[in-house]
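Peer 1: Sequence first, predicted model second:
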Amino acid sequence: MSLTDQLLAQNTVQLDSKIPAGAMADKWNTYKSDMKLVNPNNKRKFKVIVVGTGLAGASAAATLAELGYQVDAFTFHDSARRAHSIAAQGGINGAKNYKGDGDSIHRLFYDTVKGGDFRAREANVHRLAENSVDIIDQMVAQGVPFAREYGGLLDNRSFGGAQVSRTFYARGQTGQQLLLGAYQQFSRQVGLGGIRLFNRSELIDIVVVDGRAAGIVVRDLVTGELTSHSAHAVVLATGGYGNAFFLSTNAMACNVTAAWRAHRKGALFANPCYTQIHPTCIPQSDDSQSKLTLMSESLRNDGRVWVPTNPDETRPAHEIPESERDYYLERLYPSFGNLAPRDISSRAAKRAVDKGLGVGPKKNGVYLDFSDAINRLGREVVEERYGNLFEMYERIAGENPYDTPMRIYPASHYTMGGLWVDYELMTNIPGLYAAGEANFSDHGANRLGASALMQGLSDGYFVLPYTIGNYLAPMLNKPMPGTDHPEFKAAEAAAKERFAGYLAIGGTKSPDFFHRELGKIIWDYCGMERTEQGLEKALSEIPALYEEFKKDLRVTGDSESMNQTLEKAGRVDDFFQLGMLMCKDALDRKESCGGHFRAEYQTDDGEALRDDDNYCHVSAWQWGGDPMKPVLNVEKLDFEEVHLATRSYK
Amino acid sequence: MSNTIKNITLKIWRQAGPAAKGYFETHNIPEITDEASFLEMLDILNDRLVTEGKEAVVFDHDCREGICGTCSLMIDGQAHGPQRGTATCQLHMRKFKDGDSITIEPWRASAFPLIKDLMVDRSAFDRIIESGGYITAETGGAPDANLIPIAKPIADAAMDSAECIGCGACVAACPNGAANLFTAAKVAHLNRLPQGQAERYSRVETMVETMDEHFGSCTNHGECEAACPKEISIDVIALMHKDYRKAKFANRKDLARS
Ligand SMILES: Cc1cc2nc3c(=O)[nH]c(=O)nc-3n(C[C@H](O)[C@H](O)[C@H](O)COP(=O)(O)OP(=O)(O)OC[C@H]3O[C@@H](n4cnc5c(N)ncnc54)[C@H](O)[C@@H]3O)c2cc1C
Ligand code: SF4
Ligand code: FES
C-alpha cells in the first residue's frame, strides 16, 4: 500500500474535493448547469463578507454585488486600490491564441499542471485555463490599457515555462492596471450601495457557529476598536504568506493572519512548504534592508543570465570575454534557456553563487545581461519593453542596466500553499471560502509566471459568484446567527486579550527584531533547498525564538489609537506559528517537487526527484491545539488527462 | 560601492491624533549606508524608539516599489522629497550627505485629515472614483478583446494617465489643495478609450462635481505636475475641462428637450 493510501485511511477530516463527474473539458459546464440558483430577487436577502480587496477580493465583491448580494468588504489598507496585487509587473496569461502559435485551453492547462510538478488538482487547473479567455475580454471591456501592436490589436509576450506567447501586459505595471480595473468596478458598487467598504480594518478572527462560518471579528486600525460582523458566507481573499521569510518581494503589510486564524478555527492549511523563490530579484545590499525588489521575469525574454567562469574574477562585466562566461541556463536547458521555470532558474543561480561564482560587492548575484538584445533590437525597443524596470533598477542599485548588466538573485515571492479548498473554493468549514493566493488550489508545487493574476481574477469573477449561490440557495429565509451570539462575544474577548497581552509583556525587543530573526531561520532551512537535518534544526530554533518572543517582546503605545507596532506584533505571532507548520510540512514530504527541493531527493544531475508512489497527494494540516502538533490529512491527486511524467525543460 | 553617511538630523512631525497639538521632534541618525532607502532609515529609527520604550513614528507605506501609492511624506517641504518622478519609498539615502538636516511632515490638505503623526486619510480620492471613475462593464458578456482595435498611440496615451498611483502628492503640493491632476488622470485614461465613450460626459461631470465637494479649486500653479512621482502631465487637466464644458452643454440641451 502506498503511503498516500495509508495516510488517507487515517484522515481525521472528511476531505471531499467535489470534482464534478465527466470529461475534463466538460466538468465546469456540467457544474454550472447542475448547481442550485438563488432567484435574483432573493439575492439581496443574503449577506456575504469579503475580506481582502486585491484582485481576488475586489473582483469577487464587485461581481457578487452586481448579482444583487449584500456585500461587506474589509481591507487593512487605506483604500481598496492598494492591495499587494498592484505590484505585479510582468503580465497575465490568457489562452487566446492571438499569435496563432498553437496555444489553446488545453495547452495552458497542460503547462500549468506540468509547471506545478504534478501536485495540483487537474479539474481546478482546467477551469482556470477555460476562464483565462474570459478574463482578458472582461478586463479590456473595463478599460485596462493592455499593450497593443501598431495595428491596434493586443500584444503578447512569453513567460517562463511556456513555449507560446500568451502573456498580456500593460508596460511593467500589469498588476496595477488589472487591480485598478477591478477596483473601479468595485468602487462603482460602493457608490451604488451594493458594497459597504471597511478600510483600515483588519480581520482578527473567524467565527464558526454550529459548524458553519458565521462571521468575523475585525480590529479598526485607527481606533483599535474590535467589532463583530455576521454574514451567510465569508470569503477570504487575503493573499499569500511570503513575508514569513521577512525579506521578500511582497509588500510590507502582507501577512498570514486571516488564513492562520481560519486555520486555528478548523480550516485545513494545505502544502505550506510550497513556496516560490523568484529568480530575478535585486540582491540584498545591506543587513538593515527591510524588503527586496523583484525585477519582472519578463526580462528573461531578452536578458541572458550568466556568471564568470573564474571565481576570482574582478573585471567589470563588459571586459570579461565570451569564453570566460557561463550562460548556465542556456547550457543546461537548451530548449527553454533563459525561460526555464522559476524553481529551476532559482536553484541554478543558488548553485552558481554557492560555488563562489557570484557577482557584485557581496558576490551574491548573477548577471542578467541585455547587451545582446540592445545590439539586436536597438536601445529604443528595449526601452519600450522594459524602460520602467530599468529605471527602477537604477534607482535601487545605483547602476544603469543599459551599460552594466543587472545583478539578480532569488528571493521569496509567492506561496503556492494556502487554505485547503474544494472545487467550489470552499474550505472544509461550510460557508468559508478562500480565493486568490490565499488558497492552495491551482499551482501545485510551483507557479508559472503570469498565472497568479489569472487565478485571482478567475476565482473572483468567474468561480465564486457561481459556487457561493450553490451554497446559499438552500439557506433562504433560514435564521442566521447574529453578532450577539456567544461565539462572537467569545472571539471578541479573546482578541482583546491577545492585543492587551502583547502590550503587557514589556520586554526589550521590537516585533521587527523577531520577524527578522524568524525569517532568517526559515530562509536558511526552509528556503530554496531543504534537508532533514536543517529542518529539524529549524524546528528546534523556531519554538525557542517563539518563547523569547512571548517573554521579551516590547510593544510601545496603546491599543486605542493607530499603533503599527501592535499590528506587527499580531502578524509576527502568526508567522511564528505558520513557520513551524512550513518546516513540519517540508520535513514530512520526503521527495522534491517544484519549489520544495529536498537535497536528499535529487537526480544525478541535480533535478527534483518526485516520489509519485508515496507523495502524489495534497498535505492538508489540521490545527492540533499547539503549533508543533499539527494533524496531517491528505487528498489523493489523480491525473486523468496529463500523465505523470518527469518534468523536463532540457 | 556603498558609502556611509554620517550624522543626519531628522525633524519629524508628531501628532497623537486629529485633535491633538502637533510638534516637531528631533532625532539623530549617527550613521547609515547610502544603499538604504529613506523609509529603511525610518524603520531603523522606529526600531530604536521601540527598544527605548518610546512610541514609533506612524507613517503609511506598503509596496516600497513606487507603485501602491501608500507612502506619503513631505520631505523638506517637497511632496515625496527632492528626487523628481520618485515616490518617497523609492528615494535612497545616496541623495543625502553627511550632516544633513531633514524635515519630515505629513501631507497637509484639508481634504486629507490627519490620523496620526505622518499618516493622513485619503479616502476622498475613493469618493471621486466611486462617483464615476470607471467603465460600466459588469462581469460576463464582454465581447472578444480583439474586437475593437485601439490605435497604439491612443492606448499608450491612456496608459500614461492610467499610471497614477493615487498617492495624493499633487494635492499636498498644491497651494489650494486641489485634486485636479488625480481626477483628470482618471478621466483622461477612460475618456480616451473607445470603451469609455458611452459614459464619457456623465463620467466627467460626476467626477468633477465630487472632486469639488471635497477639494480646493485649481488655479494653474502647476505644483502638482512637479510633485507627481509618475510625472503625469498637467495637459490631462485641460482635457478634463474640455470634456466637462461639453458635458454641461450637452446636459443643457437634454434639459431643454425634456
Ligand atoms: C513583486 C511581485 C510581482 C508579481 N508579478 C506577477 C505577475 O507579473 N503576474 C502574475 O500573475 N502574478 C504576479 N505576482 C503575484 C500576484 O501579484 C499575487 O499573487 C496576486 O496579486 C495576489 O492577489 P490576491 O488578490 O490573492 O491578494 P492580495 O493582492 O495580496 O490582496 C490581499 C488583500 O487582503 C487584505 N487582507 C489581508 N489580510 C487581511 C486581514 N487580516 N484583514 C483585512 N484585510 C486583509 C489586504 O488588505 C488586501 O486587500 C507578483 C507578486 C509580486 C510580489
Ligand atoms: S496624479 Fe501623480 S501625484 Fe497625483 S495622485 Fe496620481 S500619482 Fe500621485
Ligand atoms: S510604498 Fe508603495 S508607492 Fe511607496
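Peer 2: On my side now, so go ahead. Ligands and ions are numbered 1, 2, ... in the order given.
Peer 1: how's the chain carved up into domains?
Peer 2: This is for chain A. A:278-412, A:484-636 (automatic domain parsing).
Peer 1: look at chain B instead
Peer 2: B:4-115, B:122-257.
Peer 1: touching ligand 1 at all, the longest one?
Peer 2: No - with C-beta under 6 Å from any ligand atom as the criterion, ligand 1 is not reached by domain B:122-257; the gap is at least 13.4 Å. All C-beta spots, glycine's among them, are computed from the backbone N, C-alpha and C.
Peer 1: so where's chain B shaky on pLDDT?
Peer 2: Residues of chain B meeting the criterion pLDDT under 70: B:1, B:251-258.
Peer 1: ranges for the helices of it?
Peer 2: B:38-51, B:123-132, B:152-162, B:169-173, B:180-192, B:200-214, B:223-227, B:235-257 (DSSP state H).
Peer 1: Make a markdown table from those and add mean neighbour count and distance to residue B:114 to it.
Peer 2: Shown next, in a markdown table, are the helices of chain B (neighbours: other C-beta atoms under 10 Å in any protein chain shown; distance: least, C-beta to C-beta, whole Å):
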| stretch | mean neighbour count | distance to residue B:114 |
| --- | --- | --- |
| helix B:38-51 | 20 | 18 |
| helix B:123-132 | 23 | 13 |
| helix B:152-162 | 20 | 29 |
| helix B:169-173 | 28 | 12 |
| helix B:180-192 | 27 | 19 |
| helix B:200-214 | 19 | 16 |
| helix B:223-227 | 20 | 19 |
| helix B:235-257 | 14 | 27 |
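Peer 1: quick one: which of the ones you listed is nearest residue A:477?
Peer 2: helix B:123-132 (31.9 Å; C-beta to C-beta).
Peer 1: Show me which residues of the stretch 51-200 of chain B sit near ligand 3.
Peer 2: So far as C-beta under 6 Å from any ligand atom goes, the stretch 51-200 of chain B lies against ligand 3 at B:61-64, B:66-71, B:87-89, B:165.
Peer 1: for the stretch 1-150 of chain A, same thing?
Peer 2: Checking the stretch 1-150 of chain A against ligand 3 by C-beta under 6 Å from any ligand atom, there are no hits.
Peer 1: circling back: out of the domains of chain B, the one nearest residue A:470 is which?
Peer 2: Across the domains of chain B, closest to residue A:470 is domain B:122-257 (C-beta to C-beta), at 16.9 Å.
Peer 1: Phi first, then psi, for the residue in the stretch 151-258 of chain B that ligand 3 sits nearest to.
Peer 2: Closest contact between the stretch 151-258 of chain B and ligand 3, by C-beta to the nearest ligand atom, is at residue B:165 (5.9 Å). With angles defined as degrees, to the nearest 10, residue B:165 sits at phi -100, psi 10.
Peer 1: Then residue A:114?
Peer 2: phi -70, psi -50.
Peer 1: so it makes contact with residue A:649?
Peer 2: No - checked against C-beta atoms under 8 Å, the pair residue A:114 and residue A:649 is beyond contact range at 9.5 Å.
Peer 1: Run the angle between the longest helix seen in chain A and helix B:38-51 for me.
Peer 2: Longest among the helix segments of chain A by residue count, using DSSP H, is helix A:564-588. Put simply, helix A:564-588 runs at 100 degrees to helix B:38-51, going by axes from the mean of the first three to the mean of the last three C-alpha atoms, to 10 degrees.
Peer 1: picking up where we left off before, now do the shared contacts for residue A:114 and residue A:649.
Peer 2: The contact sets of residue A:114 and residue A:649 overlap at residue A:161 (C-beta atoms under 8 Å, 6 or more residues apart in numbering or on different chains).
Peer 1: Using PDB, write out the CA atom coordinates for stretch A:486-505.
Peer 2: Output of stretch A:486-505 as PDB, limited to C-alpha atoms (Å, rounded to 0.1, in the frame of the first residue of the first chain):
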ATOM      1  CA  PRO A 486     -21.900  33.900  22.400                       C
ATOM      2  CA  GLU A 487     -19.300  32.700  19.800                       C
ATOM      3  CA  PHE A 488     -18.900  36.300  18.600                       C
ATOM      4  CA  LYS A 489     -18.600  37.600  22.100                       C
ATOM      5  CA  ALA A 490     -16.000  34.900  23.000                       C
ATOM      6  CA  ALA A 491     -14.000  35.700  19.800                       C
ATOM      7  CA  GLU A 492     -14.000  39.400  20.600                       C
ATOM      8  CA  ALA A 493     -12.900  38.800  24.200                       C
ATOM      9  CA  ALA A 494     -10.100  36.500  23.000                       C
ATOM     10  CA  ALA A 495      -8.900  39.100  20.500                       C
ATOM     11  CA  LYS A 496      -9.000  41.800  23.100                       C
ATOM     12  CA  GLU A 497      -6.900  39.700  25.500                       C
ATOM     13  CA  ARG A 498      -4.500  38.900  22.700                       C
ATOM     14  CA  PHE A 499      -3.700  42.500  21.900                       C
ATOM     15  CA  ALA A 500      -3.600  43.500  25.600                       C
ATOM     16  CA  GLY A 501      -1.200  40.600  26.100                       C
ATOM     17  CA  TYR A 502       1.400  42.000  23.600                       C
ATOM     18  CA  LEU A 503       1.300  45.400  25.300                       C
ATOM     19  CA  ALA A 504       1.700  43.800  28.700                       C
ATOM     20  CA  ILE A 505       4.900  41.900  28.000                       C
END
